[in-house]
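Peer 1: coordinates only, sequence not included:
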């Protein structure tokens, strides 16, 4: 454990940030899983509605530096493609 006051403060800050980052990551993962579950249950309209919120969560996490920007963009793109594909199969 740290002994100097500045090192103790740094340890406190690191722990606070770690917990905050974990919360953002968990929220993003849960949102992605939620859309995938909706798609698996053939609830295309609900998935389409949840997509907008999920993309916002991913962008928020990436803007805070919790996940890389390209990873957030890739996940959002793949989710949108999945939702659109499911919606088009339903109409076809």
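Peer 2: That came in fine, so what should we check first? Small disclaimer: the values here were computed from a predicted structure and weren't measured. Residues are numbered from 1 along each chain as shown.
Peer 1: Please work out which residues outside stretch 17-32 touch it.
Peer 2: With C-beta atoms under 8 Å, 6 or more residues apart in numbering as the test, stretch 17-32 has contacts from 50, 53-54, 57-58, 60-61, 64, 66-67, 72, 75, 79. Any C-beta I mention is one placed from the backbone N, CA and C, and that applies to glycine too.
Peer 1: For ChimeraX, what selects the buried ones among these?
Peer 2: A single ChimeraX command selects the buried members of the contacts of stretch 17-32 (16 or more other C-beta atoms under 10 Å):
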select :50,54,57,58,61,66,67,72,75,79
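Peer 1: Could I get the contacts of stretch 17-32 in a markdown table, plus columns for pLDDT?
Peer 2: Putting these into a markdown table (pLDDT from 0 to 100) gives the following:
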| residue | pLDDT |
| --- | --- |
| 50 | 96 |
| 53 | 97 |
| 54 | 97 |
| 57 | 98 |
| 58 | 98 |
| 60 | 97 |
| 61 | 97 |
| 64 | 96 |
| 66 | 96 |
| 67 | 96 |
| 72 | 97 |
| 75 | 97 |
| 79 | 97 |
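Peer 1: Farthest-apart pair in the contacts of stretch 17-32, please.
Peer 2: Farthest-apart pair in the contacts of stretch 17-32 is 50 and 64; separation 21.2 Å (C-beta to C-beta).
Peer 1: what's the offset of the helix or strand harbouring residue 22 from the middle of its chain?
Peer 2: For residue 22, the host element (DSSP states H and E) is helix 5-40. On the basis of C-alpha atoms, centre = their mean, to the nearest Å, helix 5-40 sits 10 Å off its chain's mean C-alpha point.
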